[in-house]
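In: Please find the sequence and the predicted model below.
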Amino acid sequence: MADPVTTAHREHIEARVLSEQVALMCRLTTSPLTASVVVGAMMVWLTVEDHGLTGALSWYVALLFVLLLRWQIASSYLRRPRDLNDTKRWRAAMMAGAVLGGAVWSIAGSLLLPHDPTREIVMSVFFIGATASGLGSQAPVRYAYACLLLPFVLPYIATQLWMGGDRVMVALGFMIYIPVVLVIAARQTDSIERQIRLAIENESLAEELRQERDRANQANQELEVQLAEQKRYTQQIRDLNIELERQAHELRTANSDLEGFSYSVSHDLRAPLRAIDGFSQLLMDEKSKTLAAETRHYLQRIRANVGHMSSLIDDLLEFARCGRQSLEFGRVDMEQLAHTAAEQARAVRLNEAVMPVIEIAGLPIARGDEGLIRQVWMNLLDNAVKYTSKVESPHITVSGREDDERLVYEIRDNGVGFDSSFSSNLFGVFRRLHGAREYPGSGVGLAIVKRIVTRHGGEVWAHAEPNKGATFSFSLPKPVLRAVG
C-alpha cells in the first residue's frame, strides 16, 4: 500500500510541474503572437494582388481576432495563482486557441495562394518561420504544438497535392517537415518537464539541507551544555555530515543532468533556426535579381531575428555553464581585471562619437575564481558603457572598499538609469527595464553576474534614478589572512 504522505507529495509535485509548464507557455506567448501580426501583414501583401484587398484583409482581421483571444487567455492566466483543476482548464483553453490559430493560418495556405511562383515560395518560407516561431511558445505543454501545427499545415499540403505539378515537391517537403518538428517539440517538452521537475526537487533538497544544518547546529550547542553525552553527539554529527555529503552529491548530479538538458534543448532549437536562415539565404541568392527591395528587407529581418534567437540560446548556455563550472579559488587582482574589462567595453564602441570616461580607483585584492570574476567585471562595465551611450558626457566611476567582513565594489554611471523599485527584476534571466531596440542585449548578463557572485558567497544589488544614472554593487567575502609562523 502506498504511503499517503509520499503520494500526496508526488501529486503536489505533478501539480506544480503542470502549473509551471502552463505559466511558461503563457509567458512565451507574447513574442510569437507579435511575430504573427507581422507575418500576417506580409501574407496580406503576398495575396492581395490575386485575391483582392477585401479577401486578404478579411482573413487578416480574423487572424488578429484569434491572436488577441490567445493573448487574452495567456495574460488572464498569469494574473493570479491557479489550483490544479483550474490549471487544466486553462491548458485546454490555450490548446483550443492554438487549434483555432492554426485553422485560421491554414486559410491563407488553402484559399489565398498567390499565382506568382516567387510570391508562393516567399509564402512557404513565411509558413516555415511562423511554425518555427510557434514551436518556442507551445513546446512547454505536451501536444500543444501539434494543436497549432497540424490544422495549420495539413490543409496547405492537401492544397498543394491537389494542384499538382511542381507544387507536389513543396507538399512533400512539408510532409517531411511536420514529423521532424513534432519530434523536436516532443523532445523539448520532455526537457522542459525534466528541468522544471529538477528545479522543484532541488528546492526540496535545499530545504532538507537547511534542516539538516539546523539540526547539526543544535547538536553542537547541546554538546557544549551536556559534556557527558559528548561521544553520542559526536557520532550524530558524523552521521549528519555523511547525509549532507550524500545529498550534496545528489545536487551535483541533478545540476549535471540539468546542464545536459540545456545542451539538448539548445541543439533542438538550433535545427529549425538553421532551416529558416538557410531557406531565407537560399531565396535571396537564387532570386536576387527578381526580388523586390521590400521583400529582400523582410528576408533580412527574418535572418536578423534568427541571429538574435541564436544569441539568446548561447547566452542561456553561458548562464548554465557559469553555475556548473567548478570554482578554483586564488588571489584576484580586481583593479587589473577592471582595467581590462573597461578597455574591452570601450573597444566594442570605438565607432561612437563620444567615448565614456572610465575612472578606476584603487580596488582591494579579492579571493575567488579569476575567470568567473573577470566575467562579472566585463558584464557590469559593458552594461554601464551601453546605458551611457546616449548621454552627452558619459562618465563611469569604479571604486571599492572594505566593509566589515566583506569587500564591496561599485560601478557608478551617469546614464539613463531606472526606477529602483524595479531593481529586484534586473538580475533574473531575460529581465530588462529598457527596450531591446533602444539598448540591444539578451537580458542574461546581470543574471550571470548574480549567479557568479552568489557562488562566491557574495551579494549583488543596484540603485538608480530615471535619467540620473545607476550604481551596481557587489560584495565578496574578505580574504582570511593566515598567520605565518
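Out: Great, that's in hand.
In: Just give me how far the longest helix anywhere in the chain sits from the chain centre.
Out: Of all segments of type helix in the chain, defined using DSSP state H, the longest is helix 167-225. The chain centroid and the centroid of helix 167-225 are separated by 15 Å, computed with CA atoms, centre = their mean, to the nearest Å.
In: Show me what it is packed against.
Out: Applying 3 or more CB pairs under 8 Å, 6 or more residues apart in numbering; DSSP states H and E, one finds that helix 167-225 contacts helix 4-27, helix 117-138, helix 144-163, helix 230-286. Yep, even glycine has a C-beta here, placed from its N, CA and C like the rest.
In: where does the stretch 301-450 of the chain dip in pLDDT?
Out: Applying pLDDT under 70 to the stretch 301-450 of the chain flags the ranges 304, 307-326, 349-353, 420-425, 427-443.
In: what about the strands in it?
Out: All strands of the stretch 301-450 of the chain, identified by DSSP state E, counting those that start in this stretch, fall at 330-332, 357-360, 366-368, 395-403, 406-413.
In: Indicate which one of these is closest to Ser36.
Out: Smallest distance to Ser36 across these (CB to CB): 37.9 Å, for strand 406-413.
In: and the closest one, which strands flank it?
Out: The pairing partners recorded for strand 406-413 under DSSP bridges are strand 395-403 (antiparallel), strand 470-477 (antiparallel).
In: ok, and what's touching the shortest one?
Out: Going back to what we said before, that points to strand 470-477. If you take CB atoms under 8 Å, 6 or more residues apart in numbering as the criterion, strand 470-477 is touched by 366-368, 376, 380, 383-384, 387, 403, 405-413, 415, 417-418, 449, 453, 456-464.
In: Just put the helices and strands packed on helix 167-225 in JSON lines and tack on distance to Gly55.
Out: Shown next, in JSON lines, are the helices and strands packed on helix 167-225 (distance: least, CB to CB, whole Å):
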{"stretch": "helix 4-27", "distance to Gly55": "32"}
{"stretch": "helix 117-138", "distance to Gly55": "15"}
{"stretch": "helix 144-163", "distance to Gly55": "16"}
{"stretch": "helix 230-286", "distance to Gly55": "25"}
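In: With respect to Thr295, which of the ones you listed lies nearest?
Out: Closest approach to Thr295 among the helices and strands packed on helix 167-225 is made by helix 117-138 (6.3 Å; CB to CB).
In: mind listing what's buried in that closest one?
Out: 118-138 (16 or more other CB atoms under 10 Å).
In: Now that helix: average pLDDT?
Out: Helix 117-138 shows a mean pLDDT of 77.
In: now stretch 159-178
Out: What stretch 159-178 shows for mean pLDDT is 82.
In: buried residues in it?
Out: For stretch 159-178, by 16+ other CB under 10 Å, it's Thr159, Gln160, Arg167, Val170, Ala171, Phe174, Tyr177, Ile178.
In: how about these, which pair is most distant?
Out: Arg167 and Ile178 (16.5 Å).
In: picking up where we left off before, what about the helices and strands packed on helix 167-225, which gets the closest to Glu212?
Out: Taking CB to CB, helix 230-286 is the member of the helices and strands packed on helix 167-225 nearest to Glu212, at 5.7 Å.
In: Distance from stretch 121-137 to the middle of the chain?
Out: Taking CA atoms, centre = their mean, one finds the center of stretch 121-137 at 21 Å from the center of the full chain.
In: same question, stretch 146-162
Out: 30 Å.
In: now do stretch 242-254
Out: 27 Å.
In: for the record, mean pLDDT for stretch 41-52?
Out: 84.
In: Throw the strands of the stretch 301-450 of the chain into CSV and include distance to Glu229 and mean neighbour count, thanks.
Out: Compiled in CSV, the strands of the stretch 301-450 of the chain are given as follows (distance: least, CB to CB, whole Å; neighbours: other CB atoms under 10 Å):
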stretch, distance to Glu229, mean neighbour count
strand 330-332, 42, 14
strand 357-360, 56, 16
strand 366-368, 39, 21
strand 395-403, 41, 17
strand 406-413, 37, 21
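In: Number of residues surrounding Thr389?
Out: Wrong residue type there; residue 389 is Ser, not Thr. Applying other CB atoms under 10 Å, we find 17 residues neighbouring Ser389.
In: same thing with the one 3 residues further on?
Out: As a burial measure, Glu392 scores 6 neighbours (other CB under 10 Å).
In: so Leu113 sits right up against Thr159, yeah?
Out: Yes. Between Leu113 and Thr159 there is a contact under CB atoms under 8 Å: 6.7 Å.
In: Mind listing the residues bridging to Leu476?
Out: Legend: beta-bridge partners of Leu476 under DSSP bridges are Leu407.
In: now it: how far from Glu410?
Out: Going from Leu476 to Glu410 by CB to CB, to the nearest Å gives 13 Å.
In: Could you check how many residues crowd around the nearest residue to Ala15 once chain neighbours are set aside?
Out: Nearest non-adjacent residue to Ala15, counting by CB to CB, 6 or more residues apart in numbering: Leu84, 4.4 Å away. Using other CB under 10 Å, Leu84 has 14 other residues around it.
In: Check Lys88 too.
Out: There are 15 residues near Lys88, going by other CB under 10 Å.
In: Helix or strand: which one has it?
Out: helix 84-111 (DSSP states H and E).
In: Tell me what angle that helix forms with helix 117-138.
Out: 180 degrees (axes from the mean of the first three to the mean of the last three CA atoms, to 10 degrees).
In: Only the buried residues of helix 84-111, if you could.
Out: Buried residues in helix 84-111 (16+ other CB under 10 Å): 87, 90-91, 93-95, 97-110.
In: Which residue ranges make up the domains of the protein?
Out: Here the domain parsing of the chain from automatic domain parsing is 4-200+251-323, 330-477.
In: can I get those in TSV with distance to Gln235?
Out: Shown next, in TSV, are the domains of the chain (distance: least, CB to CB, whole Å):
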stretch	distance to Gln235
domain 4-200+251-323	25
domain 330-477	30
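In: what's the closest of these to Arg210?
Out: Nearest of the domains of the chain to Arg210, taken as CB to CB: domain 4-200+251-323 at 12.7 Å.
In: Tell me who's in contact with the closest residue to Leu223 other than its chain neighbours.
Out: Once flanking residues are discounted, Leu223 sits nearest to Tyr233: 4.7 Å by CB to CB, 6+ apart. Applying CB under 8 Å, 6+ apart, we find Tyr233 in contact with Ala219, Glu222, Leu223, Gln226.
In: Test my guess that the third one contacts Gln230.
Out: Read that as Leu223. Yes. Because the distance of 5.8 Å satisfies CB under 8 Å, Leu223 is recorded as touching Gln230.
In: which of these two has more neighbours?
Out: A direct count of neighbours by other CB under 10 Å for Leu223 and Gln230 places Leu223 higher, at 17 against 12.
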